[in-house]
Structures are given as structure tokens and as C-alpha cells.
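**Student:** How does the following fold in three dimensions:
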Amino acid sequence: MNRALDAAGVGLSTLCLVHCLALPVAAAAAPLAAQLAEAEWVHWAIVALAAPAAILAIAPSLALRPFPWAVPVFASLGLTGLVSALFVRTEMLETGLTTLGGVLLASAHILNWRHAHKHAPRQQAHAQ
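**Tutor:** Here you go, the predicted model:
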């Protein structure tokens, strides 16, 4: 019981410390965060980073068998959503496309990681 209470005490103290240190930083950064949230170049930059990262991460999985069909489908739909959001002018549609695209792309990466991990060749230790 004491161990659990000590763990809870450490956790709560750490949470308090993070809160006390992070709150002033978050408050000071709020105006910058608001400007970045509205800046169109940020969306372009994220897509410019996400597309090659997705291609480089997912391409090797296409050679694995059984073929992980959901990975390239989700990645393609996710990237399409993110790119499409760059060209729409209504905030609601842009937010929806960005959110859906991000969720699909993240799902593709998670599935890809799980599939590649499951089908990775087993490493054998060489005793010499």
C-alpha cells in the first residue's frame, strides 16, 4: 500500500511540477501558436515532410508477403486528404480533410509498423 501511495505522490508531484513550469511557457507561446495555426505555409511544410516520409516508410512493405493492402490504401487516401485540404477555401472542409487525412496516414504508419515488425526476419544471436 505504501508503495502505491509513494508512486501516486511522486506522480502527483511530477504533474504539479510540469504544470507549474509548462503553464507560463504555454501562455507565452499562445500568440505564436495561434499565428502558426493560421499560417498556410505550415500546412504546406507538413505535407512536404509527410509525403516523402510516408513513401520512404511504406515502400519497403510493399515487397512483404502477405501484401498489406490497407497500408498503401490508407496512406494514399491520407495524403490525398492532406493535399486536397491545401486547395479548399472553407475552413470546415479544410479542417475535415486535414483531420481525416492525418488519421488515415497515421493509421497507415501504425499498420505498416505492425506488419513489418510481425514479418521481420528473426535475428539470431551468433555465439562465438
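**Student:** Return the distance of A27 relative to A33.
**Tutor:** Distance, A27 to A33, by CB to CB, to the nearest Å: 10 Å. Every residue, glycine included, has its C-beta placed from N, CA and C.
**Student:** Please apply the same query to S61.
**Tutor:** Counting by CB to CB - S61 and A33 are separated by 35 Å.
**Student:** Next: G96.
**Tutor:** For G96, the distance to A33 - CB to CB - is 21 Å.
**Student:** The two: who's more crowded?
**Tutor:** G96 (14 against 10; other CB atoms under 10 Å).
**Student:** Now the more buried one: which helix or strand?
**Tutor:** helix 91-118 (DSSP states H and E).
**Student:** quick one: T98 from E38, how far?
**Tutor:** 13 Å.
**Student:** which of the two has more neighbours?
**Tutor:** Set T98 next to E38 and count neighbours by other CB under 10 Å: T98 wins out with 19 against 10.
**Student:** isn't that one right up against I46?
**Tutor:** No - the criterion here is CB atoms under 8 Å, and T98 misses it with I46 at 9.1 Å.
**Student:** State the next helix or strand along the chain beyond the helix or strand encompassing A30.
**Tutor:** Assigned by DSSP H and E, A30 belongs to helix 2-38. Later in the chain than helix 2-38, the nearest helix or strand by DSSP H and E is helix 40-58.
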